[in-house]
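Enquirer: let's see this in three dimensions:
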Amino acid sequence: MEVFQKAQGIMTKNNFIIATPKSKVSDVALAIISGEVSGIPIIDDNKKVVGVITEFDIIRAIKKGKNIRDITTEEIMTRNPITVNEDTNINDIIDILETRHFIRVPVVDKDGKLVGIVSRRDILKGVTEFDGAPQIWL
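Expert: Prediction:
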């Protein structure tokens, strides 16, 4: 159960979607739709997290009359996003998700490079894997 107490024990380490500041918002929107996620981290050339873009960011841009085919993520992303490190306690992550109404938070190493993501679903998976929660059959 101890591994579940830290971000490194439950984070998604690969197989997640990322974008760069120069990515077209239309491409990011398609990635969000096809990846069935609500937001993705934006990384620079050194793999440092410089922003996050969410469905809401894209929807707000559309509401303002922007054509998502003509803009890049750096124009509408949330800059300097909240991140956690691999040793962040799971309760602290839950507090961030709850108070900020986030669905996921990027996990960075000591150099600020993206190494994973912890989502609400990752937390639920961790609980069911470690506590042996029963499966529900419909």
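Enquirer: now the lowest-mean-pLDDT helix or strand in the chain, how far from the centre of its chain.
Expert: Least confident helix or strand, the chain: helix 120-131 with a mean of 78, by mean pLDDT, DSSP states H and E. How far helix 120-131 lies from its chain's middle: 17 Å, per Cα atoms, centre = their mean, to the nearest Å.
Enquirer: burial count for Glu98?
Expert: Look at Glu98: counted by other Cβ atoms under 10 Å, it has 10 neighbours. Just so you know, the C-beta spots here come from the backbone N, C-alpha and C atoms, and that holds for glycine as well.
Enquirer: again, but for Pro106
Expert: By other Cβ under 10 Å, 25 other residues sit near Pro106.
Enquirer: contacting residues for it?
Expert: Pro106 makes contacts with 41, 49, 52, 81, 83-84, 114, 116-117, as judged by Cβ atoms under 8 Å, 6 or more residues apart in numbering.
Enquirer: quick one: pLDDT of it?
Expert: Note for Pro106: predicted pLDDT of 96.
Enquirer: same check, this time on Gly35
Expert: 80.
Enquirer: report the secondary structure state of the nearest residue to it once chain neighbours are set aside.
Expert: Residue nearest to Gly35 in three dimensions, not counting chain neighbours: Ile17, with 4.7 Å by Cβ to Cβ, 6 or more residues apart in numbering. Using DSSP: H, G, I helix; E, B strand; the rest coil, the structure places Ile17 in coil.
Enquirer: ok, now which ones touch Ile17?
Expert: Going by Cβ under 8 Å, 6+ apart, Ile17 touches 31-32, 35, 37, 40.
Enquirer: quick one on the thing from earlier: CSV for the contacts of Pro106, including pLDDT and secondary structure?
Expert: Putting these into CSV (pLDDT from 0 to 100; DSSP: H, G, I helix; E, B strand; the rest coil) gives the following:
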residue, pLDDT, secondary structure
Pro41, 96, strand
Val49, 96, strand
Val52, 96, strand
Pro81, 94, coil
Thr83, 96, coil
Val84, 97, strand
Leu114, 96, strand
Gly116, 95, strand
Ile117, 95, strand
